[in-house]
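# what would the 3D arrangement of this be:
(chains A, B, C, D and E)
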Amino acid sequence: MERAGKDGQYARQRRQRRRRTPPGAPPGTLAADPGAPRPRIDAVLFGPAAFAERAIASPAELPIPGDHAVRWINVEGLGDADTVREVGAAFGLHPLALEDILDVHQRPKLEAYDDNLFIILRTPAGDRGWEEAAAANRLDLEQVAICLGQDFVLTFQKRPDADIFEPVRRRLRSGSGAIRERKADYLAYALIDAAIDACFPLLEHYGELVEDLESMVVERPEIGQIGRIHDLKRDLLTIRRAIWPLRDLLNALLRDEAALVGEQTRLYLRDCYDHTVQLIDMIETYREIASGLVDIHLSSISNRMNEVMKVLTIIATIFIPLTFIAGVYGMNFDPAAGPWNMPELGWRYGYPVTMLAMAAIAAGLVGFFRRKGWIGRGRQGPRP
Amino acid sequence: MERAGKDGQYARQRRQRRRRTPPGAPPGTLAADPGAPRPRIDAVLFGPAAFAERAIASPAELPIPGDHAVRWINVEGLGDADTVREVGAAFGLHPLALEDILDVHQRPKLEAYDDNLFIILRTPAGDRGWEEAAAANRLDLEQVAICLGQDFVLTFQKRPDADIFEPVRRRLRSGSGAIRERKADYLAYALIDAAIDACFPLLEHYGELVEDLESMVVERPEIGQIGRIHDLKRDLLTIRRAIWPLRDLLNALLRDEAALVGEQTRLYLRDCYDHTVQLIDMIETYREIASGLVDIHLSSISNRMNEVMKVLTIIATIFIPLTFIAGVYGMNFDPAAGPWNMPELGWRYGYPVTMLAMAAIAAGLVGFFRRKGWIGRGRQGPRP
Amino acid sequence: MERAGKDGQYARQRRQRRRRTPPGAPPGTLAADPGAPRPRIDAVLFGPAAFAERAIASPAELPIPGDHAVRWINVEGLGDADTVREVGAAFGLHPLALEDILDVHQRPKLEAYDDNLFIILRTPAGDRGWEEAAAANRLDLEQVAICLGQDFVLTFQKRPDADIFEPVRRRLRSGSGAIRERKADYLAYALIDAAIDACFPLLEHYGELVEDLESMVVERPEIGQIGRIHDLKRDLLTIRRAIWPLRDLLNALLRDEAALVGEQTRLYLRDCYDHTVQLIDMIETYREIASGLVDIHLSSISNRMNEVMKVLTIIATIFIPLTFIAGVYGMNFDPAAGPWNMPELGWRYGYPVTMLAMAAIAAGLVGFFRRKGWIGRGRQGPRP
Amino acid sequence: MERAGKDGQYARQRRQRRRRTPPGAPPGTLAADPGAPRPRIDAVLFGPAAFAERAIASPAELPIPGDHAVRWINVEGLGDADTVREVGAAFGLHPLALEDILDVHQRPKLEAYDDNLFIILRTPAGDRGWEEAAAANRLDLEQVAICLGQDFVLTFQKRPDADIFEPVRRRLRSGSGAIRERKADYLAYALIDAAIDACFPLLEHYGELVEDLESMVVERPEIGQIGRIHDLKRDLLTIRRAIWPLRDLLNALLRDEAALVGEQTRLYLRDCYDHTVQLIDMIETYREIASGLVDIHLSSISNRMNEVMKVLTIIATIFIPLTFIAGVYGMNFDPAAGPWNMPELGWRYGYPVTMLAMAAIAAGLVGFFRRKGWIGRGRQGPRP
Amino acid sequence: MERAGKDGQYARQRRQRRRRTPPGAPPGTLAADPGAPRPRIDAVLFGPAAFAERAIASPAELPIPGDHAVRWINVEGLGDADTVREVGAAFGLHPLALEDILDVHQRPKLEAYDDNLFIILRTPAGDRGWEEAAAANRLDLEQVAICLGQDFVLTFQKRPDADIFEPVRRRLRSGSGAIRERKADYLAYALIDAAIDACFPLLEHYGELVEDLESMVVERPEIGQIGRIHDLKRDLLTIRRAIWPLRDLLNALLRDEAALVGEQTRLYLRDCYDHTVQLIDMIETYREIASGLVDIHLSSISNRMNEVMKVLTIIATIFIPLTFIAGVYGMNFDPAAGPWNMPELGWRYGYPVTMLAMAAIAAGLVGFFRRKGWIGRGRQGPRP
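Alright, predicted model coming up:
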């Protein structure tokens, strides 16, 4: 049932994955997913002394430069190509960047355009939305686009209900930390940092999953576990594809020749870089452990089955000689034909002696098997 | 049957693969495949203001420089070495490049000659021709040669019926986008981009194949699946060989010191580069999943078989003690010889008591096996 | 039981691992683990001519520069964020460094700030505390932070009872070696060296574990060993994550452009680097051997089981024809109905001849199996 | 038998492999293999206008520089160290190069001496000699040494009967291509190209072998195939060792700072480089497929065996309950002792009813197994 | 027994491995192994014109510079730290180098000190001592330290009875080659070359071992072979750890900026480098083959076992229907109760007909199994 649901979900994933710009279309073709929610725009404007937050109904209302040191425009929902195009045009985004924003199957990357830096990240949706997603076998990391200009930051998110940038907005509102005094580059850092930090709970969740599977595989081996290990490996692969490119991305950002990223912010980006390396470390460790689990699983399942087969075979083996003896005395040789013809049948204690002999043979076999360590003691075995 | 067809197809592939320039031949020896279709040449001439499209009957009719800003000569079908040589000569191609065009088993590469760049790509044939090919177990990516000069682009394709450049031609015809205003380098970019974009549907097809196999292997393990996984891995290997070199190729193109590729076009080529990295990412993911499938398949098949063996063995084991008891009372000890000689045979309820004892033993064994979790409950097992 | 304890311990580990700065917190947020022991500070002050050692009750008492050439402040226990912040402030540590000190799940790294170098290491706790930890399946390497300034070294350790720097303190006390005459960089080297040296006993312990498992797996294969091999591989993975980054760390330290590390000390750091490479070498060797052990284990267990099955099957096989013969002479064909109806039953020596025939068949089968090498000689087999 | 022959051949190989300069001998010690054929020297002298070919009886007759633009001296057979030394001395070869010529177990490499380039290649012997060799399980690639000077090329081959340079000689004789007009560097290129080209038929042969094994393993799994896969993998390893170093070799040749390789020839060497990369690609693909074959083989063999076991076990399982019933009615309870003692034996239709019951049980079991998919339909199974 | 001996030997190895400088000791602490033999010093002094060889009783007698162009001091046996320290002091060795000499578990490395180069190598002991060692499962490569100064070479070896430098000493004595005319750098080269050359017989030995195991595993699969393959893999790992670092070491020596290594000697070191690469090539090849052997072994053993099980199961299966028939006619239905009650028992030819029917069934089953390829022909199977 679970899997049937999974099948249906695969079909959905496929349809989604297909929604790409058609091959051969001119570069910069904007194709919005009509099923996606309509964009919702809000702006946060701030400087050392000022702070304003406002919802924006249409791209025409976008704040113009001048009043505030930094303008942060956040677009949630990518269901309308025109809105995205107009927002992009207002800030001088390159058509290729606009195309990348709408095609939500991008790999994380940094693109340096003449007067802005364009960044694609993949991150778990906020508020542990990924936990439900992972439970429903639909782990998919959301694409987030960040565009950093001289005095503005644009952010584009697909889902309107899972704002991973909320903590940053709260810090801006409260004015805590030095964030209001810094430039746009520091805001961009804070957003990237929030996106990377959001991966830690995800990986901790998978760390627990790995440990749960580990103890289950060792202690209670079951056939279905191979599927769970496979799902785990597949999810880790998905996360890995989202995290690995971050390292190069941050490296490129640190080496950025354009003067968009200030010296002071670089220090903070190096901290981001360290977090990324730590995430990669965790992923690789989990992947390696998961690979080892396959071996243990196969070994455990096969051991369990062998244990069953062994016990059953031993039972069969004990009865085989006994049945043979019973068969012998079931033969119809005529005792009257000669003194050597089954005289046992006529003995006074023939039957009880035979039964005792059978019991002795059974006991002997059990003792032999036990001495060989095939039954009973075989379980705990000789420990060094 | 399917495989028999595959055998025949292998033989054909072999014959094809053999058609190389013989070892030791002087470099630049042109050896056309006589079975290949005869070349069909068409030219697209355009500039910011003009656009012309014409079929070319013989190399002598090739357009001369001057009238148009960019000349794009497309040759389809490589069945005649002379035609290829004459076309090449008209545009100053190096003999080694000509040799590479005709030897259709090249690896993607970029060769920088004095006044032109020579590019070999491998790409799925247009119009989903590859889908039939893949269905018939003949996945083979077509070789495409692109030669970029100052004011011309030459393209050479093997199959005349599968033009992957059609979308570009349509854009040129309609004048949509800025393509007519740009130089030859942008046209070359557009052609490369079309070739790379054509790989996405192919990989999506294989992505679905991977998912189908995945759910089949987990839910309905069958022996023949190992062959299908192997075919999948092999096809992915083929695609990988076609895609991986693209990364280096595009890198070299971006670093190109010759001034053939303009600054503006480089930006677009970087986009191509990103797509290539994304393709590589997909291939590697599929390959890794496919490798994991082998493990799951082996485990599933072996589990299924063990399940069978276990049930059968349990049946056998239950009957073995019963048969033994029946054997005992089939013995011919003479009850007359003494009171201990099988007195049960003469008891009033000997037979029904024996039958009940047998039933009790059978029930006891079933209960024992069930408590051990070997039958019945063993399937759903104790879940944590 | 052992594993149940492990489960509980996993839960504890998880809780511990969760104690990170919450995602989206401003950088430099200090979150101390309230369950950790309260900090205990001590200072060692020395120069070529002077040496003083004192316990420090509160950050206000920290020694000021001037009197001694080198000040080494050691903080043990990280249970109070304020103390750590004040110590850090007194020496000009960057807020990000302070955050790293308190988050005890960092990867080893070197961070170069303007006027100090900040180093995170992971090392086994002193006095072989790791040995008990490893025995209890809780191998976790302690995080140590070292901060090197112009004339001071700060060290932060989590556990107050496992000072791995004790040997260095002893050398300073006794004045042995040239350590008192050197600058702060040499002290930092001595501390790093002590931390790296502390890994050798740990790895030697695992080297012995590998060898023990190796001989057990080959000589006394048992089912539970796969779990032990897995635990071993997991611990090696943990150690590897702590040691590998040291190589880059020391490389960065050797290339350090800030003039904090003197030429002479570099020579000693190169020695540290060699030790690190040797540790990596050991880890990789153990990991490779442990991987091989899985194969041997699976092969050995399966061989043992096959050996059992073979012997049992052979016993069954020998009795099957005999039981068949007994069955034949148990048939009730009426000898009176014709001369061909089981005349053997009436022969004088029918029964003994039948028994001898059975014995002959059994002996023949045993001989056949023996000649095939399936029993008896099969064990020691033909050696070349 | 085949393998016995292989054993003998191993012994021979070992003896051969032992013939190295003894450890500790001074560098440049020349140790010829006394069993190797005696050297046969021939010279090809040419320039744009002239061409001469002559056999050379002794090193004293070697052509002196002057008359011809390029002198190509080819030595076949390495059975005499003195001859090789004299030829080398005449052209100023370094003693280490001479040692390398005679030690025929070298890895391909390029050595740049002051006034010449010394190249070691490994290549399949000409005229498909390798095909017989491979058939006889003796795949060994011949070592060829090429020394390129300002106006001469020396070549040394071990076997006198398998001249892989014959095609180049034919081109020189016929004057086809531009080869006579070029310098020594182009001749060296032509020779290297011939050696690399000679690898293509070899790899195509192995490609076919891979495909043959592939279809055999999938369709007709047999136990012996594992040995053939192993032989294949081993041969591919041998070829790989001969081809991989070529890439670095050609790279070094292309970067060569000594002015021995002209600009024009470099273009051709780049073509060689491409061929090498293509060869490497093929080898790696075959190796990967061969590795996958091991999995398929193990799976197929085990499936085949399981299939056998399953059928046999099912037969046994069907008869076990029937035999039990027959055993029951073979019991000797006395019907006279009471009305419940086996009254069936005295029923009018007891026997036929029992037989019918048995048939019904057998049919029921067959039906049950069939419904479970264990027999009959299990083969083609439920396809999605 | 063999393994018991191995256990004891492991214990010894462990004790040895433990003899390291204790963690936290000051750098340059010299800890000699008290069980090691006492040092024996000898000096070889030479120049183009002079040659002297003398045993040195105490470090005080060490030759002073001046008389000879090159002084080679060889110390064998490392049982006394003071002697080593005094020899080192006489030639200005760094304390860290002295520590490395005495800690005989170093990785090969090159350390450039101010006025000398310090080299650690690992090499098989001379005179094939390793062959006995390998036979006794104790493969351990000896550590050799070489220190190259302007006019001297120091060498330190652990075992006094296995001088791998003897061939070099002989060449110096005899004055063969140019060795006496060269400087200290050439002597150092000659010693390194001797150490590397000493690895070839070792690897040839393992090459033969690989081939022996290979043919045994394919032809005579036995259970114990997995242990031998594991030992082989382990030894190859040991050798690999000794050889791989040589490549970097020689590279560093070739790039050496200190003017200790002359231009001419570099040429010879490049030859050493080639030998090292060749050794690495051999090791990797053997390792890959050994890994493949595990697969073949598992497959062969499992095939052998399956073969046994199959034959036995077939025997059982043939007799099961026969036994059933015998059981049927052993039933006691009363023929007198009705005409359908086992009339066969009273037929004239009932018994022989039954026996013939049984024979027919057995023959039919044998024929069926044979046609299925499960017995008889199954072995040699259908070959293509």
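# before we move on, what SS does A:I120 have?
Recorded secondary structure, A:I120: strand (DSSP: H, G, I helix; E, B strand; the rest coil).
# count the residues that sit near the residue lying closest to it once chain neighbours are set aside.
Counting by C-beta to C-beta, 6 or more residues apart in numbering or on different chains, the nearest residue to A:I120 once its immediate chain neighbours are dropped is A:Q106, at 4.7 Å. Backbone N, C-alpha and C define where each C-beta goes, glycine included. Residues near A:Q106, counting by other C-beta atoms under 10 Å in any protein chain shown, number 19.
# relative orientation of the longest helix belonging to chain A and helix D:263-328 in degrees?
When chain A is parsed with DSSP state H, its longest helix is helix A:263-328. Helix A:263-328 and helix D:263-328 meet at an angle of 30 degrees, taking axes from the mean of the first three to the mean of the last three C-alpha atoms, to 10 degrees as the criterion.
# what about whatever helix or strand comes next after helix A:263-328, average pLDDT?
As assigned by DSSP states H and E, the chain's next helix or strand after helix A:263-328 is helix A:350-371. Per-residue pLDDT values across helix A:350-371 average out to 90.
# and helix A:350-371, what does it pack against?
If you count contacts as 3 or more C-beta pairs under 8 Å, 6 or more residues apart in numbering or on different chains; DSSP states H and E, helix A:350-371 packs onto helix A:263-328.
# any idea of the mean pLDDT for the helix it packs on?
For helix A:263-328, the per-residue pLDDT averages 86.
# and for stretch A:40-52?
Averaged over stretch A:40-52, pLDDT sits at 90.
# and what of stretch A:123-135?
Averaging pLDDT along stretch A:123-135 yields 69.
# for stretch A:239-255, same thing?
Taken as a whole, stretch A:239-255 carries a mean pLDDT of 91.
# equivalent analysis for stretch A:144-152, please.
Averaging pLDDT residue by residue across stretch A:144-152 gives 93.
# dump the residue contacts of A:K109.
A:119-120, A:245, A:249, B:274 (C-beta atoms under 8 Å, 6 or more residues apart in numbering or on different chains).
# so which of those comes closest to A:G262?
Closest approach to A:G262 among these (C-beta to C-beta): A:I119, at 16.4 Å.
# who's that closest one bridged to?
Here A:I119 sits in beta bridges with A:L110, A:I146, going by DSSP bridges.
# quick one: neighbours of it, just the number.
For A:I119, the neighbour count with other C-beta under 10 Å is 26.
# and A:W72, by the same measure?
Using other C-beta under 10 Å, A:W72 is surrounded by 25 other residues.
# I'd assumed it was in a strand, is it?
Yes - inclusion of A:W72 in a strand is indicated when three-state DSSP is applied.
# where does A:R38 land in three-state SS?
coil.
# return the residues in contact with the residue lying closest to it once chain neighbours are set aside.
Excluding the flanking residues, the one nearest A:R38 by C-beta to C-beta, 6+ apart is A:G79, at 4.7 Å. By C-beta under 8 Å, 6+ apart, the contact set of A:G79 is A:32-39.
# cutoff 6 Å now
A:G79 is in contact with A:32, A:36-38, counting by C-beta atoms under 6 Å, 6 or more residues apart in numbering or on different chains.
# now swap in A:A242 and tell me
Contacts of A:A242 (C-beta under 6 Å, 6+ apart): A:122, A:141.
# tell me which element it is part of?
Secondary structure from DSSP H and E places A:A242 in helix A:225-255.
# ok, and for that helix, which residues are buried?
A:225-237, A:239-246, A:249-250, A:253 (16 or more other C-beta atoms under 10 Å in any protein chain shown).
# of the contacts of A:K109, closest to E:L202?
Using C-beta to C-beta, A:P245 is the member of the contacts of A:K109 that lies nearest E:L202, at 45.0 Å.
# count the residues that sit near the residue nearest to the closest one when sequence neighbours are not counted.
Nearest-residue entry for A:P245: A:P108, 4.2 Å, with adjacent residues in sequence omitted and distances by C-beta to C-beta, 6+ apart. A:P108 has 23 neighbours, counted by other C-beta under 10 Å.
# give me the contact list for the host helix or strand of A:R171.
When elements are assigned from DSSP H and E, A:R171 belongs to helix A:166-174. Under the criterion C-beta under 6 Å, 6+ apart, residues A:44, A:46, A:177, A:179, A:190-191, A:194, C:24, C:26 lie in contact with helix A:166-174.
# from the chain's centre, how far out does it sit?
For helix A:166-174, the separation from the chain centroid amounts to 29 Å (computed by C-alpha atoms, centre = their mean, to the nearest Å).
# tell me how far the residue nearest to A:R38 lies from chain B.
23 Å (C-beta to the nearest C-beta, to the nearest Å).
# likewise for A:E307?
Taken as C-beta to the nearest C-beta, the span from A:E307 to chain B is 9 Å.
# repeat that for A:E204.
For A:E204, the distance to chain B equals 19 Å [C-beta to the nearest C-beta].
# and that residue, what are its phi and psi?
phi -70, psi -40 (degrees, to the nearest 10).
# cool, A:A112 as well?
The phi/psi pair for A:A112 (degrees, to the nearest 10) is phi -100, psi 110.
# for burial, what's the neighbour tally of the nearest residue to A:G149 once chain neighbours are set aside?
For A:G149, ignoring the flanking residues on the chain, the nearest one in space by C-beta to C-beta, 6+ apart is A:N116 at 4.4 Å. For A:N116, the neighbour count with other C-beta under 10 Å is 23.
# do the same with A:R173
With other C-beta under 10 Å as criterion, A:R173 counts 13.
# go on, A:G175?
13.
# what are the bridge partners for the nearest residue to it once chain neighbours are set aside, then?
Excluding its sequence neighbours, the residue lying closest to A:G175 (C-beta to C-beta, 6+ apart) is A:F51, at 7.0 Å. Counting by DSSP bridges, A:F51 is bridged to A:F46.
# contact partners for the most centrally placed residue in chain A?
Computing the C-alpha centroid of chain A and ranking residues by C-alpha atoms, centre = their mean puts A:D235 first, at 2.6 Å. For A:D235, the contacting residues are A:L139, by C-beta under 6 Å, 6+ apart.
# find out how far the strand or helix carrying A:A195 is from the centre of the chain, if you would.
In the assignment (DSSP H and E), A:A195 maps to helix A:184-197. Centroid displacement of helix A:184-197 relative to its chain, using C-alpha atoms, centre = their mean, is 24 Å.
# for stretch A:336-349, same thing?
Per C-alpha atoms, centre = their mean, the centroid offset for stretch A:336-349 relative to its chain is 77 Å.
# is that stretch anywhere near chain D?
No - using C-beta under 6 Å from any C-beta of the partner chain, stretch A:336-349 stays clear of chain D, coming no nearer than 11.1 Å.
# in PDB, could you pull the C-alpha coordinates for that stretch?
Output in PDB follows, covering the C-alpha atoms of stretch A:336-349 (Å, rounded to 0.1, in the frame of the first residue of the first chain):
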ATOM      1  CA  ALA A 336       8.300 -69.500   9.400                       C
ATOM      2  CA  ALA A 337      10.600 -69.900   6.400                       C
ATOM      3  CA  GLY A 338      13.700 -70.200   8.500                       C
ATOM      4  CA  PRO A 339      15.200 -69.300  11.800                       C
ATOM      5  CA  TRP A 340      17.100 -66.300  10.400                       C
ATOM      6  CA  ASN A 341      14.000 -64.700   9.000                       C
ATOM      7  CA  MET A 342      13.200 -61.800  11.400                       C
ATOM      8  CA  PRO A 343      13.300 -63.800  14.500                       C
ATOM      9  CA  GLU A 344      13.200 -60.500  16.400                       C
ATOM     10  CA  LEU A 345       9.500 -60.300  15.700                       C
ATOM     11  CA  GLY A 346       8.800 -63.300  17.800                       C
ATOM     12  CA  TRP A 347      11.000 -62.300  20.700                       C
ATOM     13  CA  ARG A 348       9.300 -61.600  24.000                       C
ATOM     14  CA  TYR A 349      10.900 -58.200  24.400                       C
END
